[in-house]
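Q: sharing a model that was predicted from the sequence below.
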Amino acid sequence: MTRNPFMAAIIPLVDDLSRDLPEGERYRRLLRVLRRLLACDAVALLRLDGEQLVPLAVEGLSPDTLGRRFRLDQHPRLAAVMQGQGTVRFAADCGLPDPYDGLVESVAGHLQVHDCMGCALYIDDRPWGLLTMDALNPSQFGQTECDRLEAFASLAAATVKAGERIGALSAQLGEQQRVAETWRQAAGQHLPPEVVGQSRAFKALRKEVALVAPTDLSVLITGETGVGKELVARGIHHQSARGNKPMVVINCAALPDSLVESELFGHVRGAFTGAVGDRRGKFELADGGSLFLDEVGELPLASQAKLLRVLQSGQLQRVGSDREQHVDVRVIAATNLDLAAAVREGRFRADLYHRLGAYPLRVPPLRERDHDVLLLAGYFLEETRTRMGLRSLRLTADAQAALLAYDWPGNVRELEHLVGRAVLRALAASGEARPRILSVDAHVLELLPATLAPTSPASDAADVPAAGDLRRSVEDFQRRQIARSLERHNGSWSESARELGMDRANLSRLAKRLGLK
């Protein structure tokens, strides 16, 4: 008896329904079978998240696709699939822009998708997301393929539901389901794009956030400039019992020493020149919620003692007042400085350091996050495409290689700025106001990995870090990069900060710490 090839292909997926598989692997298996059954160039599974679609797994599409967020109001084809009944197929001459133009990897130089279809997925009668299929051959799909996709969609929905149920059981032990949902909600609220990531280092960070968030412990977030420490703080707040209360943010480095206490604790009328009325401080504003102290290492010593008292007792006094007030605030702090070293040098109070660091949390730099750089680049490309009104943006293979080879001293913030500049350069080079597909090549990124950069023997000797302390080697490298940038820009700190992908204030503080100012 001849076995039906369609049924033979899906039997392993039916077996997977009862298996405890990682979510990514479960979805990749699903798409591999679909692609084999319908012989197409690309398939994707996307989850509906508010008014946008988030890719969970792709086959045959550029890796940066996983980092993109497809807003339904910006992608009419995807919106039509979500609103359609059964399989929706678009004619080869359809005038609606295709979200995957330039992203299909099958044929070099053949960028435009010519045949595509999709089917919405429903879980318990609620729209959950969709499956899409694309081909570069304009006559690839017919009625048979449409019918098969619609039939396959039922199995896909069952796969998703099984995965979510297994995840819910695991959540009773480790709360993974609640963590994933909270981060999805954070992404839907348009928080910074650091939520994008699949690397081992990023997953480990998410687990730590899940562990500490439900507690009321103070958290000290450390990491280099531009890694997304504020986003991590927001993730902790949103996943805590205080998530429906305010999270107040204050940048300690931006405050003049004379106003630090007023900003933190408030003041009463007449407390100092210019205090024309009573004013609540950030602690009072955050009562019941969380207070995020960014760049906490920049606080003056005198203010550190008063901050410690509030953390210990919950009691504060406005500047100029004798009356004490009680506040219930969870403090989350962040710094890119080595506070332990600052304690040893007498620049930071040891008791405050230990109080703030009840739970220390390190955010990994971008260079430790493997291929997350491509996902983040895809996120920024889609944001830039929407902002500039472009049809399609793609990274060429050499651009992807350049992004992966670069060391990213400015981390995610540097990547964001670099993508925006590169798109502008690519648009200018294309000579078109609105090209169908705009390709971002390596040369417009203006990145050269250290191993490929032209050097002279003298510069080689200067750039090789001496064996020994890693921190000292990194600081030596930072000094050289900043000094060279200043030399190129005739001492302009603003221009150097722009070139290095940093805020001017952060660059100034870093230079001061490195002894350059």
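A: It's in. Predicted model only: the values in this text are computed from it and were never measured. Residues are numbered from 1 along each chain as shown.
Q: quick one: contacts for Ala44?
A: Leu31, Pro55, Ala57, Val58, Glu59, Leu61, Thr65, Tyr100, Leu131, Thr132 (Cβ atoms under 8 Å, 6 or more residues apart in numbering). All C-beta spots, glycine's among them, are computed from the backbone N, C-alpha and C.
Q: gap between it and Arg425?
A: Going from Ala44 to Arg425 by Cβ to Cβ, to the nearest Å gives 29 Å.
Q: equivalent analysis for Glu224, please.
A: 26 Å.
Q: same thing with Ser303?
A: In terms of Cβ to Cβ, Ser303 sits 45 Å off from Arg425.
Q: hmm, back to that, out of the contacts of Ala44, flag the one nearest to Val296.
A: Ranked by distance to Val296 (Cβ to Cβ), those are led by Pro55 at 36.5 Å.
Q: contacts for the helix or strand hosting that closest one?
A: Here Pro55 sits within strand 52-59, counting by DSSP states H and E. Applying Cβ under 8 Å, 6+ apart, the external contacts of strand 52-59 come out as 23-24, 27-28, 30-32, 35, 42-47, 65-66, 68-72, 75, 78, 82, 129-130, 184, 187-188.
Q: from the contact counts, what lies against the one helix or strand Asp398 maps to?
A: Taking DSSP H and E as the criterion, Asp398 maps to helix 397-405. If you count contacts as 3 or more Cβ pairs under 8 Å, 6 or more residues apart in numbering; DSSP states H and E, helix 397-405 packs onto helix 372-388, helix 442-445.
Q: and among these, the most buried is which?
A: Stretch with highest mean neighbour count among the helices and strands packed on helix 397-405: helix 372-388 (a mean of 22; mean count of other Cβ atoms under 10 Å).
Q: relative orientation of that one and strand 52-59 in degrees?
A: 140 degrees (axes from the mean of the first three to the mean of the last three Cα atoms, to 10 degrees).
Q: output the strand holding Pro55 as PDB, nothing but the C-alphas.
A: Provided in PDB are the C-alpha atoms of strand 52-59 (Å, rounded to 0.1, in the frame of the first residue of the first chain):
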ATOM      1  CA  GLN A  52       2.700  43.900  15.100                       C
ATOM      2  CA  LEU A  53       3.900  40.500  14.000                       C
ATOM      3  CA  VAL A  54       7.000  39.000  15.600                       C
ATOM      4  CA  PRO A  55       9.000  36.300  13.600                       C
ATOM      5  CA  LEU A  56       9.500  33.200  15.800                       C
ATOM      6  CA  ALA A  57      11.200  31.000  13.200                       C
ATOM      7  CA  VAL A  58      12.200  31.300   9.500                       C
ATOM      8  CA  GLU A  59      13.500  29.000   6.800                       C
END
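Q: so who does Glu475 touch?
A: Shown here is Glu475, whose contacts under the criterion Cβ under 8 Å, 6+ apart are Leu514.
Q: that one belongs to a strand?
A: No: counting by DSSP: H, G, I helix; E, B strand; the rest coil, Glu475 is not part of a strand but helix.
Q: Leu366 reaches Pro409, doesn't it?
A: No: the pair Leu366 / Pro409 is not scored as a contact, 9.3 Å apart, by Cβ atoms under 8 Å.
Q: which one's more surrounded, the two?
A: Leu366 (28 against 20; other Cβ atoms under 10 Å).
Q: which residues does the more buried one contact?
A: Neighbours of Leu366 in contact, by Cβ under 8 Å, 6+ apart: Gly226, Val227, Asp372, Val373, Leu376, Trp408, Asn411, Val412, Leu415.
Q: verify the stated contact: the fifth one with Val196.
A: Right, the one you point to is Leu376. Yes: counting by Cβ under 8 Å, Leu376 does reach Val196; the two are 5.4 Å apart.
Q: joint contacts of those two?
A: Joint contacts of Leu376 and Val196 (Cβ under 8 Å, 6+ apart) are Gly67.
Q: where along the stretch 251-400 of the chain do the strands fall?
A: For the stretch 251-400 of the chain, the strands defined by DSSP state E, counting those that start in this stretch occupy 266-267, 279-280, 290-294, 315-317, 324-326, 330-335, 359-362, 393-395.
Q: what helices and strands are in contact with the first one?
A: Read that as strand 266-267. strand 279-280.
Q: so which elements touch the strand it packs on?
A: strand 266-267.
Q: give me the mean pLDDT for the strand it packs on.
A: Regarding strand 266-267, the rounded mean pLDDT is 80.
Q: quick one: low-confidence ranges for the stretch 151-300 of the chain?
A: For the stretch 151-300 of the chain, residues meeting the criterion pLDDT under 70 lie at 162-195, 271, 273, 276.
Q: hmm, I was thinking of the chain
A: Using pLDDT under 70, the flagged stretches of the chain are 1-22, 106-110, 162-195, 271, 273, 276, 448-474, 503.
Q: what's the next secondary structure element after the strand holding Pro55?
A: strand 70-71.
Q: what about that next one, distance to the chain center?
A: 16 Å (Cα atoms, centre = their mean, to the nearest Å).
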